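[1] Next comes the sequence, and after it the predicted model I'd like to discuss.
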Amino acid sequence: MFEVKGETRAEMRLPTQELREDLPFWTRRLGFRLDMIYPADDPQVAVLSGHGLRLRIEKGAQEHPGTVRILTDEEGFAGGERLLIAPNGTRVEIDRANPPLVLPRTEHAFVVRRLAEQAPWIIGRAGMQYRDLVPSRLGGAMIASHIRIPDGGPVPDMVHFHKVGFQLIFCINGWVDVVYEDQGPPIRLTAGDCFIQPPEIRHRVLHASDGIEVIEIGVPAEHVTEIDHEMELPTPHLRPDREWQGQRFVYDKGAEGVFRPFRLPGFVARDTGICDATKGVASVMVARPDGGETVWTKHGGDILFTFVMAGSFTLEGEGKDPFRLSPGDAFVIPPGMATRYGDPTKDLELLEVTLPGRPATVPL
């Protein structure tokens with residue numbers, strides 16, 4: 001760890017040709033505070049601070065005037081302007097500090113992603129490897145990632161949170177230890193288990209086994225991850241009923257699940273409880289064949305994503321060539337499209353995620 005002795009400060013230097021023209025702009029219009037100015041008889045340098053930023057405006061400096069972004073929810077800040085140009089040429093962009101989450105309209109498509117296609121694994125956050133299961137991301141409506149850590153051990157993660165509408169972590173191999181805000185000590189997620197991470201719940205990944213693999217679903221596809229440098233986990237209080245933006249944290253243990261008739265004839269499924277915990281935002285089900293006849297159906301939801309965890313079957317879709325799918329394959333079925341899950345093996349196991357939860361399904 002880098003050790004700092006004594007006082008240490010950082011400044012961003014900006015050029016100017018006439019300091020006296022810049023000071024009123026930064027102090028009066030944008031609310032910066034003047035901390036230092038010199039020399040007194042003919043000022044060449046002024047140091048200002050505000051909004052978490054320290055600026056050194058220096059006459060004759062050679063840097064480009066650059067861009068400063070100010071994030072605020074204050075109504076009427078800088079007279080309501082969103083773009084200003086300082087006298088020294090610096091561009092000042094003013095944006096919302098906490099903009100509302102925007103959920104893009106789903107661009108529906110029939111998508112099949114096969115493990116045999118050798119889609120590239122990309123190194124992502126905290127050194128984890130990511131494989132994109134829905135490359136189109138349905139127009140930005142959702143992201144589905146197959147995530148793995150080949151070599152286990154401590155995970156170089158920090159306390160963080162995601163600005164999302166919905167987020168699922170489902171373990172398909174190995175185990176991972178994660179600690180969550182107000183949910184007690186670290187929780188070990190093992191194969192068949194899942195978490196729902198409510199919007200902005202603080203959490204941290206601690207340790208993982210060799211070969212850990214999870215499926216992560218996020219809505220929308222592009223969402224912000226922020227680091228919380230102040231919170232320490234675990235937090236002192238256990239609050240299992242706490243809600244974050246109307247959603248509760250869920251830790252579903254796969255080994256304790258009970259299989260009941262599924263929306264698709266010929267299958268049974270266990271409900272993870274996520275539909276109730278999210279008040280209908282999404283359902284997460286694990287489905288298996290029950291030996292009965294499979295039929296053609298249509299669903300009336302928005303997003304229906306499925307990942308093959310074990311076994312195999314033939315995915316048939318109206319107007320499409322059939323696909324024989326096996327572990328690691330994934331697919332999306334748009335609403336109103338007729339499909340059938342034909343010739344399932346006895347060991348077939350599917351992870352199905354639907355938004356909204358419990359979509360109406362019509363046998364044909």
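    Structure's in. What do you need?
[2] For residue 198, grab the count of nearby residues.
    In terms of burial, residue 198 registers 25 neighbours under the definition other CB atoms under 10 Å. C-beta: built from backbone N, CA, C; applies to glycine.
[3] wait, residue 314
    With neighbours defined by other CB under 10 Å, the count for residue 314 comes to 14.
[4] Who's the closest spatial neighbour of it, skipping the chain neighbours?
    Counting by CB to CB, 6 or more residues apart in numbering, residue 314 lies nearest to residue 342, which is 4.3 Å off, once chain neighbours are set aside.
[5] Report the distance from stretch 258-266 to the chain centre.
    Centroid separation for stretch 258-266 versus its chain: 30 Å, with CA atoms, centre = their mean, to the nearest Å.
[6] buried stuff in that stretch?
    In terms of neighbour count (16 or more other CB atoms under 10 Å), stretch 258-266 has its buried residues at 262-264, 266.
[7] This structure: helices as residue ranges?
    19-24, 274-277 (DSSP state H).
[8] Is it possible to get a markdown table of those helices that adds mean neighbour count, distance to residue 61 and mean pLDDT?
    As requested, the helices of the chain are exported to a markdown table (neighbours: other CB atoms under 10 Å; distance: least, CB to CB, whole Å; pLDDT from 0 to 100):
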| stretch | mean neighbour count | distance to residue 61 | mean pLDDT |
| --- | --- | --- | --- |
| helix 19-24 | 15 | 11 | 94 |
| helix 274-277 | 19 | 55 | 96 |
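[9] so which of the ones you listed gets nearest residue 132?
    When the helices of the chain are ranked by distance to residue 132, counting by CB to CB, first place goes to helix 274-277 at 22.6 Å.
[10] name the helices or strands packed onto the closest one?
    Secondary-structure packing of helix 274-277 (3 or more CB pairs under 8 Å, 6 or more residues apart in numbering; DSSP states H and E): strand 194-196, strand 250-252, strand 283-289.
[11] Need the ones you listed in a markdown table (columns: mean neighbour count, distance to residue 271 and mean pLDDT).
    What follows is the helices and strands packed on helix 274-277, written out as a markdown table (neighbours: other CB under 10 Å; distance: least, CB to CB, whole Å; pLDDT from 0 to 100):
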| stretch | mean neighbour count | distance to residue 271 | mean pLDDT |
| --- | --- | --- | --- |
| strand 194-196 | 25 | 11 | 96 |
| strand 250-252 | 20 | 9 | 97 |
| strand 283-289 | 23 | 6 | 98 |
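[12] sorry, back to before: tell me the two of the buried residues of stretch 258-266 that are most distant?
    Comparing all pairs in these by CB to CB, the longest separation belongs to 263 and 266, at 10.9 Å.
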